[in-house]
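> next comes the sequence, and after it the predicted model I'd like to discuss.
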Amino acid sequence: MSGTQYVTPDLKRWLREQLIAGQSSVDLVQSMIKAGWQQKIALEAVAQAKLDGWFKKEEATPGVPDAAVRDGACVLDAGDREVQVLSAVELPRVLVFGNLLSAEECEAIIELARPRMARSETVAEDKEGSEVNMARTSRGMFFERGEAEVVARVEARIARLLNWPLENGEGMQVLHYQPGAEYQPHYDYFDARHASTPSILKRGGQRVGTLVMYLNTPKRGGATTFPDVKMAVQPIRGNAVFFSYPKPEPGTLTLHGGAPVLEGEKWVATKWMRQGRFE
Ligand SMILES: O=C(O)CCC(=O)C(=O)O
Ligand SMILES: [Fe+2]
């Protein structure tokens, strides 16, 4: 195919149906390219089909956390702190923030967490509860929401930055990776096929957004990676990466992982946001 390509209404409808059925955007873009579409047209058509599908009235989604960056803001007022916008990606929705936490706040969170660290578990696939998983070789702990002054302060800042109620946030999780430790690519939303999902969803519904805050800077390795779009965010103390997923589907392109730490260690605090109040 050459010359100008137009996306026909039939193709739009087909793309929308495929996305709703859970087809990944990457697969759809690839099949369009195979069929002769230019990459740019294919990417735009899939992105548009996603927007059309998600925001149609009859399948109204409750929205997702997001920061006010679409007007080109470089710095955001997060209440008690000015946060820098370092990068913004539309699909997947990824924002990289600078200066979200001070060095003192990072240290304070690490020191509060340190004595409580245990081998990280993930949600079990075939039974209720959680289990130790080789895909996740970090150590971790959870704070209760508002548990310490510094935790409460950071939670309030996040709620303001991402325009999402504080009550919809899970308790902050702290992870510690030693050299060689990693978190293999995964989605943060709960998989409807897992036995434990229905009971998890009773508390606040699905996760719709993730904020990973970097509490220190490893010497080498430890990036947060997004394999679908071949993107890596370097873990720099005080910075954070945010991503959102309006539906629990691979089409959100929010597959992500923590790459192995190669030198030094890595500390992160993760804040997951639910659709509803997490009590
Ligand atoms: O450590 C990272 O960079 C990613 C952490 C993560 O994916 C998570 O906590 O769900
Ligand atoms: Fe994750």
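Sure thing, it's come through. Ligands and ions are numbered 1, 2, ... in the order given.
> does Arg139 touch Val174 like I think?
No: look at Arg139 against Val174 with Cβ atoms under 8 Å: they stay out of range, at 9.0 Å. The way it works is simple: take the backbone N, C-alpha and C, and place the C-beta from them, glycine included.
> residues near the residue in the stretch 1-150 of the chain that ligand 1 sits nearest to, how many?
Relative to ligand 1, the nearest point of the stretch 1-150 of the chain is Ser138 (7.0 Å; Cβ to the nearest ligand atom). Neighbour count of Ser138, defined by other Cβ atoms under 10 Å: 20.
> from memory it sits against Gln184, does it?
No: with contact defined as Cβ under 8 Å, Ser138 does not count as touching Gln184 (11.0 Å).
> tell me which parts of the stretch 51-200 of the chain are close to ligand 1?
Leu175, Tyr183, Asp188 (Cβ under 6 Å from any ligand atom).
> what about these, which one has the most neighbours?
Among those, Tyr183 has more neighbours than the rest - 27 neighbours, counting by other Cβ under 10 Å.
> find the nearest non-adjacent residue to that one, please.
Among residues not flanking Tyr183 along the chain, Gly258 sits closest, at 3.7 Å (Cβ to Cβ, 6 or more residues apart in numbering).
> tell me how many other residues crowd that neighbour.
26.
> in this structure, which spans are helices?
Secondary structure of the chain (DSSP state H): helices at 9-20, 25-34, 39-55, 103-113, 149-161, 197-201.
> among the helices and strands of the protein, which has the poorest mean pLDDT?
strand 130-132 (a mean of 58; mean pLDDT, DSSP states H and E).
> returning to that earlier point: tell me the contacts of the residue of the stretch 1-150 of the chain closest to ligand 1?
Ser120, Leu175, His176, Tyr177, Ala181, Glu182, Tyr183, Gly258 (Cβ atoms under 8 Å, 6 or more residues apart in numbering).
> among the residues you listed, which pair sits farthest apart?
His176 and Glu182 (12.5 Å; Cβ to Cβ).
> distance check, Ala42 against Asp228.
Applying Cβ to Cβ, to the nearest Å, the value for Ala42 to Asp228 is 15 Å.
> have a look at those two and say which one is more surrounded.
Neighbour comparison, Ala42 and Asp228: the larger count goes to Ala42, with 23 against 19 (by other Cβ under 10 Å).
> quick one, what contacts the residue in the chain positioned nearest to ligand 1?
Nearest to ligand 1, among the residues of the chain, is Gly258, at 2.9 Å (Cβ to the nearest ligand atom). Counting by Cβ under 8 Å, 6+ apart, Gly258 touches Ser138, Leu175, Tyr177, Glu182, Tyr183, Gly222, Ala223, Thr224, Thr225, Lys266, Val268.
> among those, which are in strands?
Leu175, Tyr177, Tyr183, Thr224, Thr225, Lys266, Val268 (DSSP state E).
> shaky segments in the chain?
With pLDDT under 70 as the threshold, the chain has low-confidence stretches at 1-3, 51-62, 119-135.
> how about stretch 216-227: buried residues?
Buried residues in stretch 216-227, defined by neighbour count with 16 or more other Cβ atoms under 10 Å: Asn216, Thr217, Pro218, Gly221, Gly222, Ala223, Thr224, Thr225, Phe226.
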